[in-house]
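Engineer: Can you look at this prediction? I've put the sequence above it.
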Amino acid sequence: MSAPIWLFDLDNTLHDASGAVFGRLNQSMTDYIVQHLGLAHEDANQLRLHYWRRYGATLLGLEKHHGVRAAHFLAQTHALPGLEAHLHMPARDRAALKRLPGRKFVLTNAPAAYAKRVLTALDLAGCFEAIISIEGMRVFGDLRPKPDARMLRVVLARHKLPAHHCVLVEDTLANLKTARAARLRTVWMQHYLKDNPHGPEVGAHLHRRPSWVCARIRQLRALDAAFAQT
């Protein structure tokens, strides 16, 4: 079998974002809402959570209901000064990723500038053919980040990537479910989920393998073996 086309999520897949990123990012988004919508801090935090739960991304609610410009929101909230000093990944995983045969892309709901900073800090900037970021996830003018099925089909067509040759490596089950329905193979990266405040995939859930998950891993260096299972 020829080498697959790998699509990697970024945060909590290639590195531990629970400790280094998510807390700061949540605070940054809340502060943005305080500043630009004029809400009290607690009200802003509740609105951030409400839109995240309803739409899967706070930005979608702010764009839809408040006319917030996506580019401005993403630039402001993902500035995160000094972020690079807190980013890390196991050296063995980095080496294995660089050796992994096949084309490799990053597919992330984060903005491109942030993704480039993270990859550079992790010494992975030259490992990927392209970064497919949230800026490239509009469908007919509407922002459609993961797990939107329409966006996934558009992105694969745009980059001429046959779905049945692709493997999505991702920490979020909802994103894997959409990908599997679109005929991609799926690998659930579980290593950083225990302390993840962004999703429900914790505790006992980590011991099950839903039907749309082809393989589970805890280290990126296990991908070769996981691929054999898919």
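Structural biologist: Received, thanks. In this text the structure is predicted, and so the values were computed from the model without any measurement.

Engineer: Show me the domain layout of this structure.
Structural biologist: Using automatic domain parsing, the domain parsing of the chain gives 5-15+88-229, 20-77.

Engineer: how far is the shortest one from where the chain is centred?
Structural biologist: Using CA atoms, centre = their mean, to the nearest Å, the mean C-alpha position of domain 20-77 is found 17 Å from that of the whole chain.

Engineer: so what's residue 75 up against?
Structural biologist: 111, 113 (CB atoms under 8 Å, 6 or more residues apart in numbering). The C-beta positions use only the backbone N, C-alpha and C, and glycine is treated the same way.

Engineer: where does it land in three-state SS?
Structural biologist: helix (DSSP: H, G, I helix; E, B strand; the rest coil).

Engineer: Quick check: it vs residue 111, distance?
Structural biologist: 7 Å (CB to CB, to the nearest Å).

Engineer: Give me the below-cutoff pLDDT ranges for the protein.
Structural biologist: 1, 195-206, 227-230 (pLDDT under 70).

Engineer: the strands in it, which residues?
Structural biologist: In the chain, the segments counted as strands under DSSP state E are 5-8, 104-107, 130-132, 138-139, 142-143, 166-170, 185-189, 215-217.

Engineer: The ones you listed into CSV, with extra columns for mean neighbour count and distance to residue 67?
Structural biologist: Below are the strands of the chain laid out as CSV (neighbours: other CB atoms under 10 Å; distance: least, CB to CB, whole Å):
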stretch, mean neighbour count, distance to residue 67
strand 5-8, 24, 32
strand 104-107, 23, 28
strand 130-132, 19, 26
strand 138-139, 14, 16
strand 142-143, 16, 13
strand 166-170, 25, 31
strand 185-189, 25, 36
strand 215-217, 19, 41
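
Engineer: Could I get these in TSV, plus columns for distance to residue 90?
Structural biologist: Formatted as TSV, the strands of the chain follow (distance: least, CB to CB, whole Å):
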stretch	distance to residue 90
strand 5-8	15
strand 104-107	18
strand 130-132	22
strand 138-139	35
strand 142-143	33
strand 166-170	15
strand 185-189	13
strand 215-217	13
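
Engineer: what about those strands, which gets the closest to residue 64?
Structural biologist: strand 142-143 (9.0 Å; CB to CB).
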